Structure formats: C-alpha cells, structure tokens
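J.: Structure for this input, please:
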Amino acid sequence: MDLFFRKFGDGPPLIILHGLYGSSDNWVSIGRKLSANYEVYLVDQRNHGKSPHSPQHNYHLLKEDLLEFMDKQSIDKAIILGHSMGGKTAMFFAVDYPERVNNLIVVDISPISYKNTKSTQLLSHSTIIKAMYNVDFKHVKNREDIDQILSSSIPSKRVRQFLLKNVSRTKDNQFKWRLNLESISNELENIMDGLTIENFKNGNGITGFPVLFIKGEKSDYIESPDRKAIKTVFPFAEIEIIPNAGHWLHAEQPKLFLKIIQNFLAD
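T.: Modelled structure (predicted):
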C-alpha cells in the first residue's frame, strides 16, 4: 500500500505512527521539533489521513504496510514511535522485524488486547464510532453543526476537536469523513487486538533494542497489571508517566513529552 507521508529534517530515520482517528497532520509540531536531530517521517496509516482506504484493517496488514514503506524509502533501520493504534503497529512490527528497529517508543498503549466487550477502551471507541455515524452531512452547514451533533454522545470538547480534524470537503462542497469509518467500524475488534503475551514468557521477550513506554497519568490504557505484560514482551523496557495528561499526552504536555523522548534517545 502506497502510504502518504510527510518528511522533515536530516539524520537517523525516525518514523511516527499516529493513533486511531489520527493522521500525520496531528504530529507535525512534534515532528518538526524532532527533525533538528532526526530524519522524521510522519506516516498516515491505511484508512486514515491521505492514505488509501481498504476494507481490511488489522495489525498484520499495518505492520506489513510499515515494512513496505521502509523498503520504498530505503530505510534499513529506524527509530519507531507509535501512539495508541500506531503503538500497536510498532509493537507488532518490532516483534516480527526486530532487525529493522533501532529504538521503539510506544505512547499510551500496552501490548495486551482490549477486545473484551466490557473493556472501557472498546466501549469508548464504540461510542465514538456511533456518534460519527450519526452525523448526516446532508443536513450540516459548517463544522459547528457537526460538533453539536457529536456533543450529544461525546462530552469531551478535546476529543470532538480531534475528530473534527477528519472532516473534509467533497468536490461538490459537501462535508465528509476523510477516514474510512466503515472499515474502522467493521474492524474495531481487530484494532483492539494485542500481542499473545504467553509467547514471550520463559525468556522469549524482545531485547535487541531500547524500548520506552510513555503513559498519560490520567489515561486508562496502561494500568498496573499491564506493566507485567510490557515487561514480559520487552523485559528491559522503560516506562515513563506524564502527569496531568490523558491519552493524547503529546498534545496535552508537548514539552515534557519531547523532553522524555530526547532524553531516551540520547542515552
């Protein structure tokens, strides 16, 4: 799949993978700052941003998309940074292609599966997707109308503003979702999937490169039990917590987020 990407700077390659409902556009500010020392690639994953749409969306395909991207750009090894869904892509990729990874940075997601029907993460995404489906673009005149419709199900203004970045205009000047909402809805269970933690027990963890997990203090994506899973898969992983931040910690605490990454990569 020919993924859309943005590129900044020179130096060792650093690839950033956005999360669900995100795009490379969300990471331009962070990417530009990191480009002072790295050749930064901001990639739109399939069904997001300006990359092609596909009815299939799972981590086997996402990691293969990343491999194809690196091959096309002649990137032998890279620092891989992934947020949320992008962090899962990065982990699946690192497990299968460790020789292509210099450093792994996973932002506010753990290796476990969130597919359980009672998980807060799955329920939250189900609510978001339903709210996005409830927007009838034939009856909206502006983004404020869309925000108003979303607000009935999504009280967080920050989350709504994030989702509204996916709104674009058609050739006939109508609004539409840029991302492939149908595919994401149909494949949500696969998006909530995780690594099989048991496969990494008894000394089978991944140890070939430095690994950093960054958690938002107020986020529920990396809880205390998840730390055991992280250490099983990546025995020498470091775990940092950013205070007063939720799941979108890079937008909530960008300076501290950058400082943590820069310190980790400088070691």
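
J.: okay, CA-based contacts and neighbour counts for the rest of this
T.: Noted.

J.: Quick one: residues contacting V167.
T.: Contact analysis of V167 by C-alpha atoms under 8 Å, 6 or more residues apart in numbering lists 175-178.

J.: And for G87?
T.: Contacts of G87 (C-alpha under 8 Å, 6+ apart): 17-19, 81, 105-109.

J.: run the last query once more with 7 Å
T.: Applying C-alpha atoms under 7 Å, 6 or more residues apart in numbering, we find G87 in contact with 81, 106-107, 109.

J.: Now those residues in a markdown table, please, with extra columns for distance to L123.
T.: As requested, those are arranged in a markdown table below (distance: C-alpha to C-alpha, whole Å):
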| residue | distance to L123 |
| --- | --- |
| L81 | 26 |
| V106 | 22 |
| V107 | 20 |
| I109 | 16 |
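
J.: nearest to N116, of these?
T.: If you rank these by distance to N116 using C-alpha to C-alpha, I109 comes first, at 15.5 Å.

J.: returning to what we had before: among the contacts of V167, the buried ones, what's the ChimeraX command?
T.: The following ChimeraX line selects those of the contacts of V167 that are buried, judged by 16 or more other C-alpha atoms under 10 Å:
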select :175,177,178
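
J.: Restricted to strands, list the contacts of V167.
T.: In strands, defined here by DSSP state E, the members of these are 175-177.

J.: In a markdown table: the residues you listed, plus distance to N204 and pLDDT.
T.: Converted to a markdown table, these look like this (distance: C-alpha to C-alpha, whole Å; pLDDT from 0 to 100):
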| residue | distance to N204 | pLDDT |
| --- | --- | --- |
| F175 | 49 | 95 |
| K176 | 46 | 95 |
| W177 | 42 | 96 |
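
J.: For the residue lying closest to P55 once chain neighbours are set aside, what is the enclosing helix or strand?
T.: Nearest residue to P55, sequence neighbours excluded (C-alpha to C-alpha, 6 or more residues apart in numbering): S183, at 5.1 Å. Using DSSP states H and E, S183 maps to helix 181-186.

J.: Over to L81?
T.: strand 78-83.

J.: still on that earlier bit, nearest to M85, of the contacts of V167?
T.: R178 (17.6 Å).

J.: OK, contacts around that closest one?
T.: Counting by C-alpha under 7 Å, 6+ apart, R178 makes contact with 49, 166-168.

J.: Top of the residues you listed by number of neighbours, please.
T.: Within the contacts of R178, neighbour counts (other C-alpha atoms under 10 Å) peak at G49, which reaches 26 neighbours.

J.: Over to it: give its phi and psi.
T.: phi 60, psi -130 (degrees, to the nearest 10).

J.: Numbering from 37 from now on, please.
T.: That works, and once the first residue is 37, the last one we named lands at G85.

J.: and the closest residue in space to I227 that isn't next to it in sequence, how far is that from G122?
T.: Closest residue to I227 in three dimensions, ignoring its sequence neighbours and counting by C-alpha to C-alpha, 6+ apart: N94, at 6.0 Å. Counting by C-alpha to C-alpha, to the nearest Å, the separation of N94 from G122 is 11 Å.

J.: Tell me which of the two has more neighbours.
T.: More crowded of N94 and G122, by other C-alpha under 10 Å: G122, with 27 against 18.

J.: Pretty sure the more buried one sits in a helix.
T.: Yes - assessed by DSSP: H, G, I helix; E, B strand; the rest coil, G122 belongs to a helix.
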